[in-house]
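1. take a look and give me a structure for this.
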Amino acid sequence: MRQYRHMLSEKPTDRDAYLRQIKYRCGYIGTKEIEILLRDYLHLHSENMSYEDLSAFDDEVLNIENPQLQRYFVNGENLLDQHDTKYLRILKDYVLARKEDYYANVPSEEYRAR
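-> Residues are numbered from 1 along each chain as shown. Reported below is the predicted structural model:
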């Protein structure tokens, strides 16, 4: 169904609306661990992401099915060739950084308390 989502809803042309849409989708992946990881990453890095970066994130990460994302980020499996993309590599590195220094790689207490 994920491959058809842009057929069922329009891709926003405004960067901030697109970011809100992506954040919403990240909150409904289906596995809480992945949702938290994606939400935290976007909270920390989305200010520096252009519309094109958001589009690449959307295409490269949110088009992959949940079990495969879990294999990469939770189980630590290597990326398959067809998934060896910029944002999946960045997210794998982010997961490793979180494991090494959790508090330096998560949003502030005020954000998490919401």
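2. contacting residues for the residue nearest in space to the middle of the chain?
-> The chain has Leu38 as the residue nearest its centroid, 3.7 Å off, counting by C-alpha atoms, centre = their mean. Taking C-beta atoms under 8 Å, 6 or more residues apart in numbering, we find Leu38 in contact with Cys26, Ile29, Val61, Leu91. Glycine gets a C-beta too; all of them are placed from N, C-alpha and C.
3. 10 Å instead?
-> Contacts for Leu38 (C-beta atoms under 10 Å, 6 or more residues apart in numbering) come out as 22-23, 25-27, 29, 57, 61-62, 69, 73, 91, 94.
4. helix/strand/coil for it?
-> At Leu38 the chain is in helix, as set by DSSP: H, G, I helix; E, B strand; the rest coil.
5. any idea how far Leu69 is from it?
-> Shown here: Leu38 relative to Leu69, a distance of 9 Å by C-beta to C-beta, to the nearest Å.
6. common neighbours of these two, please.
-> With C-beta under 10 Å, 6+ apart, Leu38 and Leu69 have common neighbours Ile29, Val61, Leu62, Leu91.
7. okay, the first one and Lys23: tell me how far apart.
-> Noted for Ile29: a distance of 12 Å to Lys23, by C-beta to C-beta.
8. looking at those two, which has the bigger crowd around it?
-> Between Ile29 and Lys23, counted using other C-beta atoms under 10 Å, Ile29 has the larger neighbour count: 22 against 14.
9. what helix or strand does the more buried one sit in?
-> Using DSSP states H and E, Ile29 maps to neither a helix nor a strand.
10. where does the protein have low pLDDT?
-> Along the chain, segments meeting pLDDT under 70 span 1-8, 109-114.
11. okay, and the common contacts of Ile29 and Lys23?
-> Both Ile29 and Lys23 are contacted by Leu38, Arg39, under the criterion C-beta under 10 Å, 6+ apart.
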